[in-house]
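Enquirer: model this:
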Amino acid sequence: MSEPTIPEKPYIAPGRDIRAWAIGGITTNALICLYGQAMNFFTVGFGWSAALVGTAMAFPRIIDALIDPFMGQLSDKTNTRWGRRKPFLVIGSVLASLFIFGLWWGDSSWSKNGQVAYLAVVGTLFYVSWGVYAMAWTALGYELTDDYNERSRISAFAGYFTSAVLLLNAWTYWFALRPLFHNGVIATVKDLFSRGIDFPHMGLVLSNAFRTVQGAPVNEVNGIRWIATGVVIVALAAAFYTTRNCKERFKDAGKVNHTPILKALAETFKNRPFVILMLYKLFQLFGERVFQGLLFYIGIYYIFGGDKNAAGALTGSAGIYACILGFCMLPLIRPISVKLGKRAGLIIPSLVALVLLICQPFLLTPSHPYLLLIPLLVLAPLSVISATMMNAIVPDICDLDELEHGERREGLFTSVTAFMNKLEISLSVLIVGYLVNFSGVDPKTTIQQPEVLQKLLWFAIGPGIFFAGGAFVTACCFKLNEESMNGVRRALEDRRAAKALAVKPVETT
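Expert: Numbering: from 1, shown residues only. The predicted structure follows:
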């Protein structure tokens with residue numbers, strides 16, 4: 001009987017599969033970023049209570065977080081002609097798109113109970129559907145290579161699409177304020193062609209539809225409804241492209257017997273590198289979300305004295321520059337992984353974030369409004385870098401788990417990661433809502449009292465410093481490195497080669 005053949009180089013998927021998978025990240029990020037605008041639009045646009053909106057938005061994430069591990073293992077065990085992940089990609093993207101479109105059709109005249117119920121129910125349906133897609137898409141990406149450093153490059157490649165979505169997302173509120181949506185999109189289109197193909201007239205109509213007019217009435221509610229329509233179309237197109245063009249590597253892995261869900265969950269939390277990574281994620285997300293959530297209100301009411309257009313324009317401009325910075329930094333992900341290790345990709349962003357937050361009392365001031373650009377410019381690229389590196393680390397952990405337990409459980413680890421992510425985001429949204437209320441902000445008035453603004457400022461900075469410090473300490477404790485992962489890969493290749501040989505007929509001479 002011949003000896004098993006061990007590949008000299010680790011597996012790397014063809015470039016077309018990597019590109020097709022990365023495009024699916026547009027769907028993941030576009031839909032969740034759109035949902036992330038709910039706090040801003042339902043408080044400032046609809047005039048709903050920040051605490052009520054925060055409570056209603058926390059509920060869907062908690063429910064989905066509890067469901068995620070079961071959906072992850074179900075994906076690992078699924079065996080269809082299309083593979084383990086693709087049915088979840090299609091079902092999740094379609095349902096999530098429908099529910100995020102319907103989310104924006106609330107009414108400010110509803111009772112408080114009606115407001116909370118609507119956001120909670122529709123938000124839960126969206127979040128569960130989106131979680132199904134995001135889990136399948138992320139798990140599919142973990143299969144694209146076995147190479148320790150190549151995983152960083154692939155994750156960084158997907159980061160380009162993430163950065164592009166974040167760029168557009170930064171302009172969402174500003175774009176929703178355009179006269180186009182107050183005057184009516186249909187009316188504007190009719191006016192555009194009212195004189196036939198008259199370019200000077202068409203240029204004037206378009207200029208009036210998008211230019212900022214100080215003190216003019218706005219209708220950001222109508223704006224977000226049209227924006228949601230465009231986002232849904234793009235998200236569905238990206239999801240279907242990925243489903244059609246990205247091949248699954250472990251398509252038949254669902255046929256093996258899998259560990260029962262509760263035992264499997266217990267095993268994930270006995271994996272020391274995974275636990276440390278989740279703690280890092282907890283601190284990093286709390287620090288980022290609470291600070292940036294309150295920064296929206298600080299920008300409008302403290303820095304710009306209630307001028308939504310000025311705050312929205314600055315946020316949008318910062319989004320462009322942050323996207324450019326993110327694009328410039330993403331090519332550095334793989335060199336950082338090669339030269340310093342993935343651990344450095346966790347330590348550096350958390351340290352920079354900690355220093356930045358300590359400096360915020362000197363940077364956030366109405367006398368120098370453009371200093372607000374500094375946290376907006378720096379935090380977005382840091383988030384992209386740390387998220388990219390975490391995404392590159394999880395498949396290493398999946399390999400370690402396979403070596404220990406003999407199962408491919410990308411779906412389970414993806415869903416547990418998502419569970420932690422959504423639990424943290426839920427709590428941070430809830431915290432932001434109540435901190436806005438505790439500070440005394442009244443979204444129905446443009447001018448807030450000085451003591452209110454001071455409370456708002458310190459509610460943002462204090463927790464941010466604490467959580468950024470926690471992220472830095474946790475990152476320093478992460479020990480998984482390239483040398484240990486190369487040993488894991490070789491052991492897995494030995495096992496897979498021996499298994500493949502065992503199912504072939506014995507060669508005789």
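Enquirer: going forward, measure contacts and count neighbours with C-alpha atoms only.
Expert: Fine.
Enquirer: Burial check on Ile397, number of neighbours?
Expert: 22 (other C-alpha atoms under 10 Å).
Enquirer: list the contacts for the residue nearest to it when sequence neighbours are not counted?
Expert: Among residues not flanking Ile397 along the chain, Phe274 sits closest, at 6.6 Å (C-alpha to C-alpha, 6 or more residues apart in numbering). With contacts defined as C-alpha atoms under 8 Å, 6 or more residues apart in numbering, Phe274 is in contact with 268, 394, 397.
Enquirer: can you give me how far stretch 418-430 is from the chain middle?
Expert: 12 Å (C-alpha atoms, centre = their mean, to the nearest Å).
Enquirer: got the buried residues for that stretch?
Expert: Across stretch 418-430, burial judged by 16 or more other C-alpha atoms under 10 Å covers 418-430.
Enquirer: if you look at those residues, which of them are in helices?
Expert: Using DSSP state H, the members of the buried residues of stretch 418-430 that fall in helices are 418-430.
Enquirer: returning to that earlier point: need the contacts of Phe274 in a markdown table with distance to Gly141 and pLDDT, can you?
Expert: Shown next, in a markdown table, are the contacts of Phe274 (distance: C-alpha to C-alpha, whole Å; pLDDT from 0 to 100):
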| residue | distance to Gly141 | pLDDT |
| --- | --- | --- |
| Thr268 | 19 | 78 |
| Val394 | 11 | 85 |
| Ile397 | 14 | 87 |
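Enquirer: wait, which of the residues you listed is closest to Ala164?
Expert: Val394 (23.3 Å; C-alpha to C-alpha).
Enquirer: for the helix or strand encompassing that closest one, packing partners?
Expert: Using DSSP states H and E, Val394 falls within helix 373-405. The helices and strands touching helix 373-405, judged by 3 or more C-alpha pairs under 8 Å, 6 or more residues apart in numbering; DSSP states H and E, are helix 148-170, helix 272-297, helix 308-329, helix 342-358, helix 410-439, helix 482-502.
Enquirer: Distance to Phe101 added to those helices, as TSV?
Expert: Formatted as TSV, the helices and strands packed on helix 373-405 follow (distance: least, C-alpha to C-alpha, whole Å):
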stretch	distance to Phe101
helix 148-170	16
helix 272-297	22
helix 308-329	23
helix 342-358	34
helix 410-439	21
helix 482-502	43
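Enquirer: what's the distance between Thr365 and Tyr301?
Expert: The spacing between Thr365 and Tyr301, counted by C-alpha to C-alpha, to the nearest Å, is 11 Å.
Enquirer: So between the two, which is more surrounded?
Expert: In terms of neighbours (other C-alpha under 10 Å), Tyr301 is the more surrounded of Thr365 and Tyr301; the figures are 26 against 17.
Enquirer: what's the closest of the buried residues of stretch 418-430 to Pro200?
Expert: Nearest member of these to Pro200, counting by C-alpha to C-alpha, is Val429, at 46.5 Å.
Enquirer: Wait, that closest one touches Phe291, no?
Expert: No: Val429 lies out of contact with Phe291 (C-alpha atoms under 8 Å); the separation is 10.7 Å.
Enquirer: in terms of contact, does Gly223 touch Phe181 like I think?
Expert: Yes: at 5.1 Å, Gly223 counts as touching Phe181 under the criterion of C-alpha under 8 Å.
Enquirer: Among the ones in helices among the buried residues of stretch 418-430, give me the pair with the biggest separation.
Expert: Farthest pair in those (C-alpha to C-alpha) is Ala418 and Leu430. Separation: 17.8 Å.
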